[in-house]
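Visitor: Just the structure for this:
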Amino acid sequence: MASKDSTFNLADEQIIFTERLKTMLPSVIRNLVRTNKLNITHITNTSGMAEGFKQANVIILHKSLADDFEKFCQANDGPLPLLYRSNPGEWKCPVLSNYSDIRTDCLQYRKYENGKYSGLLTSLEEYSEQLKDMVTFYLGCSFTFENMLQKAGVPVRNLEQKCNVSMYKTAVPCYGTEKFHCNIVVSMRPIPRDKLDVVVQTTYLMKKSHGAPVHIGSPDFLGIKDLSSPDYGDAVQAHPGDVPVFWACGVTGAEAVCSCNSSLAFTHSPGCMFISDLKDEDDDDAPTCGRNLPEVYCIGQNPLHYSIASATVVQKIRRLENMIGVDPGKRGVEHLCSQNELLRASLSISHAQSVLITTGFPTHFKYEPPEENDGPPGAIAMAAMLKALGKNVSIVTDQRALGLNKKIIKEAVEQGILETPIPVISYCSDSADSALQFLCEDGNMDKPKFNHLIAIERAGMAADGNYYNARKVNIKHLVEPIDELFLAAKLIPGITTTGIGDGGNELGMGKVKEAVKKYIANGDVIACDVEADFAVVAGVSNWGGYAVACALYILNTCEIHERYLRKAVGFSRLSQKVDWTSALPSVTKEEKMLNILQQNQVRSGLTASLEMEVDGLPFYNVHSLLLERLLEETLKEPSLNKSGDIDDS
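Guide: Below you'll find the model as predicted:
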């Protein structure tokens, strides 16, 4: 019987051996594996081995499938970055290693027969005859960047816990080819919240090792139900303050193998990678200092959700925010503005598949219709861009204004302001769960119909339950409680909200109500009490709608953000840029829009005039100039400074 001391000695020897593997050359480790001096009984994965050298996923298929699988890799290069495709029967890989043998150099392999997993192997030598007609694909691996993360001061929990990384099947489909189709598999590493920027900036250009994360935050967005039960690898324990960060994973290739029903195929066992002789820095895409780095922003808490965009894009959207935050009416609007509200709202909207917009401020209670012309133009500008981006859009309004809004939409299509009609609906509050029933399929909170709600220049409920115009006149008799939808949205996971306003009495401005009470005339009475997640404040609310449309264009033409949206699978949508450009608001479109409103007796907010003005400000030389400035910033190409970096000045 071994003594306690001998047990401790064995454990100590194992720790020392594991630590030595970090500094060993890849060729030495491959030789240890090949000669069975290092096998799956000693260690379960190659994470942390041969620090500073690239590791690779391995897929071995019959040569008849090779061309189609290469197309599958090219179409989904996030999870399947192709490092090398061998010739049939080529066991060595001179591009990646000086001497290797793919039949023996992985710790463990998985065997597939007729598209089904059929067992584990520690060597493929017995299949040498079959392998003569098979092709090996070497694909980039996220283990490669773990050393880079550690150098950047980021704790890598799976290395700390000496276990394999967690890997999960998702509900996100890859782009399918003739013979291959599957959902993407992701790896997950818990990352401290204050290290998220560093993590994304360290990995985003390492495209041959999966590049930047494809999702940061709740696993629900990927269709993952339980992080404690990974489909591959080990459950890695998060520390307090950690956020789950997900990268595209090469095990996606193994899922694809199952879809092709090949009579025989092999892959590495997840975590048991091929270790190459290429160093981390032997990568054309290796990060360099001072470039246009991505930045990370939280865009939702229920569930937790982060998004990313380039530093250039962030600066452009901040400039849009500054442009619209001026106060031409001298009402104290500048005191309501907070930096990055436009950015975070637009990031959140960019991720939404279905958006509900509401507008309508019946300030002119002595006229018919009582609506003002601030709000509808901004709402339609946003709707046009959202539709161009392929999102579902609806407008909800008061029952009494339903006919008016449908007529405005119809005429906007006829005038070319909108490509296609937008559904206009009303909300009826006749029971305690009316809002829930309206927002969710059959009232099921797990099935929201909309991902984002936007209110622009929409009368908002004050603390006393009434609705007030700027002059402190109660207009509750003209307003239906669409506020209930925003209140209910706070309780429904997966719905976020934005309020756009210019005076503090608009729906969503409850987020800045203390500033409204302090700085806005009659603010103690008129301040909206209903908060939105994001409060976009503008000198005129229409300007906020124009800015959101422009920000969505900027985000979706950002390669970093666009890749994150599609989870690094499928092809880039940047080829659709021309269509998105044509959907931007313009002086011509807004001129037509104001003419439509004039013809429908919708008046300027401050003066009740039917002239070409909004909020008492003339369209020409005020609104038109602001629009031109927004478009100029939106379409301006970034310039480079003397160092070759993006000039954000």
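Visitor: Specify the beta-bridge partners of residue 395.
Guide: As for beta bridges, residue 395 partners with residue 357, residue 424 under DSSP bridges.
Visitor: That one against residue 406, yeah?
Guide: No. The pair residue 395 and residue 406 does not pass the contact test of C-beta atoms under 8 Å, sitting 9.2 Å apart. Every residue, glycine included, has its C-beta placed from N, CA and C.
Visitor: where along the stretch 401-550 of the chain do the helices fall?
Guide: Remark: helices assigned in the stretch 401-550 of the chain by DSSP state H, counting those that start in this stretch are 402-414, 434-439, 483-489, 513-519, 523-526, 541-556.
Visitor: pull the CA atoms of the longest one into CSV?
Guide: Output in CSV follows, covering the C-alpha atoms of helix 541-556 (Å, rounded to 0.1, in the frame of the first residue of the first chain):
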residue,chain,number,x,y,z
SER,A,541,-36.8,64.6,-31.5
ASN,A,542,-36.8,63.9,-35.2
TRP,A,543,-33.0,64.5,-35.1
GLY,A,544,-32.7,61.6,-32.7
GLY,A,545,-34.6,59.4,-35.2
TYR,A,546,-32.3,60.5,-38.0
ALA,A,547,-29.2,59.8,-35.8
VAL,A,548,-30.4,56.3,-34.9
ALA,A,549,-30.9,55.5,-38.6
CYS,A,550,-27.4,56.8,-39.4
ALA,A,551,-25.9,55.0,-36.4
LEU,A,552,-27.4,51.7,-37.5
TYR,A,553,-25.9,52.2,-41.0
ILE,A,554,-22.5,53.0,-39.5
LEU,A,555,-22.7,49.9,-37.2
ASN,A,556,-23.7,47.5,-40.0
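Visitor: Which other helices and strands does the following helix or strand past that helix contact?
Guide: Next helix or strand after helix 541-556 toward the C-terminus (DSSP states H and E): helix 559-565. Contact partners of helix 559-565 among helices and strands, from 3 or more C-beta pairs under 8 Å, 6 or more residues apart in numbering; DSSP states H and E: strand 304-310, helix 341-351, helix 541-556.
Visitor: Residue 35 is nearest to which of the helices of the stretch 401-550 of the chain?
Guide: Smallest distance to residue 35 across the helices of the stretch 401-550 of the chain (C-beta to C-beta): 52.9 Å, for helix 541-556.
Visitor: does residue 307 really touch residue 351, like I thought?
Guide: Yes. Residue 307 is in contact with residue 351 according to C-beta under 8 Å; the separation is 6.4 Å.
Visitor: Between these two, point out the one with more neighbours.
Guide: More crowded of residue 307 and residue 351, by other C-beta atoms under 10 Å: residue 307, with 25 against 19.
Visitor: contacting residues around that one?
Guide: 216, 296-297, 299, 347-348, 350-351, 561, 564 (C-beta atoms under 8 Å, 6 or more residues apart in numbering).
Visitor: ok, the residue lying closest to it once chain neighbours are set aside - how many residues close by?
Guide: Spatial nearest neighbour of residue 307, chain neighbours left out: residue 347 (4.2 Å); criterion: C-beta to C-beta, 6 or more residues apart in numbering. Burial measure for residue 347: 29 neighbouring residues, criterion other C-beta under 10 Å.
Visitor: next one: residue 548
Guide: A count of nearby residues for residue 548, using other C-beta under 10 Å, gives 31.
Visitor: didn't it look like it was pressed against residue 536?
Guide: Yes. Between residue 548 and residue 536 there is a contact at 6.8 Å, judged by C-beta under 8 Å.
Visitor: Report the set of residues contacting both of these two.
Guide: Jointly contacting residue 548 and residue 536 under the rule C-beta under 8 Å, 6+ apart are 342, 345, 498, 500.
Visitor: Next, the residue nearest to the first one when sequence neighbours are not counted: phi, psi?
Guide: Translated: residue 342. Of all residues not flanking residue 342 in the chain, residue 321 sits nearest, at 4.2 Å (C-beta to C-beta, 6+ apart). Dihedral pair for residue 321: phi -60, psi -40, per degrees, to the nearest 10.
Visitor: what residues are up against residue 321?
Guide: Counted by C-beta under 8 Å, 6+ apart, residue 321 has contacts 337, 339-343, 536, 547.
Visitor: what residues are shared contacts of residue 307 and residue 351?
Guide: With contacts defined as C-beta under 8 Å, 6+ apart, the residues adjacent to both residue 307 and residue 351 are residue 299.
Visitor: quick one: low-confidence ranges for the stretch 501-649 of the chain?
Guide: Residue ranges of the stretch 501-649 of the chain with pLDDT under 70: 639-649.
Visitor: Which stretches in it count as strands?
Guide: 534-537, 613-614, 617-618, 639-640, 646-647 (DSSP state E, counting those that start in this stretch).
Visitor: In this structure, where is pLDDT below threshold?
Guide: Residue ranges of the chain with pLDDT under 70: 1-17, 281-291, 639-649.
Visitor: Could you rerun that using 50?
Guide: For the chain, the stretches flagged by pLDDT under 50 are 1-8, 10-11, 284, 286-290, 643-644, 649.
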